[in-house]
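Novice: Please work out how this folds:
(chains A and B)
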Amino acid sequence: DAKTTQPPSMDCAEGRAANLPCNHSTISGNEYVYWYRQIHSQGPQYIIHGLKNNETNEMASLIITEDRKSSTLILPHATLRDTAVYYCIVRAFSNSGYALNFGKGTSLLVTP
Amino acid sequence: KAGVTQTPRYLIKTRGQQVTLSCSPISGHRSVSWYQQTPGQGLQFLFEYFSETQRNKGNFPGRFSGRQFSNSRSEMNVSTLELGDSALYLCASSLASGSSTDTQYFGPGTRLTVL
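Specialist: Sure thing, here's the model as predicted:
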């Protein structure tokens, strides 16, 4: 699976949009971009994933560049409860099983 | 629908002992994966089970083992515990439907402390 690069930490004011970048310049054509987050000492929570089109759900939006070498997770109106470590993971869809490769992620701090 | 459940939530053991952790996947999910999380190494994949068979395995010693039952519930066992095995152990389940929309959902974890 391709490697990802994320900034170690970011701040965001409550109510503002949080834009979390992820670089995955070696991504292959069959690899998806997944985002998870982990609130302190809890299990990771699935947020969203996509292949090449932008995706939106009730939690966030995922914007993937046309060349697919980078992506941005957008939390449109960040709240204090969005303070967490956010992981960007690139993984090929496969019938041969799961082994998510979590990197160090981005620690997002939402401030009042 | 209930989420992934893990028992126990907290556990304290001493070096040399063994431990068994349990995971009940989301109803209908057929794949169960285990991860270890430590401050130094982060989140690392241990192994995955599907249809009672280990399908993938991470880079961990043989002291770490697991199994899956016919109802998809899974157990993980660590023998001859070492201090470095102190960690949050996470279980994740997925449908394993073969669809690209399939994804993993995680449980709350079991916090293991080895003294």
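Novice: Might one say that A:Gln45 is in contact with B:Gly107?
Specialist: No: counting by C-beta atoms under 8 Å, A:Gln45 sits too far from B:Gly107 to count as a contact (11.1 Å). All C-beta spots, glycine's among them, are computed from the backbone N, C-alpha and C.
Novice: Chain B versus the spatially most central residue of chain A, what's the distance?
Specialist: The geometric centre of chain A, computed from its C-alpha atoms, lies nearest to A:Trp35 (C-alpha atoms, centre = their mean), at 3.3 Å. In this view, A:Trp35 and chain B are 10 Å apart by C-beta to the nearest C-beta, to the nearest Å.
Novice: buried set for the helix or strand bottoming out on mean pLDDT in chain A?
Specialist: For chain A, counting by mean pLDDT, DSSP states H and E, strand A:84-92 ranks last in confidence among helices and strands (a mean of 91). Across strand A:84-92, burial judged by 16 or more other C-beta atoms under 10 Å in any protein chain shown covers A:84-91.
Novice: Could you give the number of residues near the closest residue in space to A:Ala13 that isn't next to it in sequence?
Specialist: Distance criterion C-beta to C-beta, 6 or more residues apart in numbering or on different chains; nearest residue to A:Ala13, sequence neighbours excluded, is A:Thr111 at 5.9 Å. Neighbours of A:Thr111 under the rule other C-beta atoms under 10 Å in any protein chain shown: 11.
Novice: Give me the distance between A:Thr111 and B:Ser99.
Specialist: 39 Å (C-beta to C-beta, to the nearest Å).
Novice: show me where pLDDT drops low in chain B?
Specialist: For chain B, the stretches flagged by pLDDT under 70 are B:1, B:98, B:100.
Novice: show me the contacts for B:Val114.
Specialist: B:12-15, B:81-86 (C-beta atoms under 8 Å, 6 or more residues apart in numbering or on different chains).
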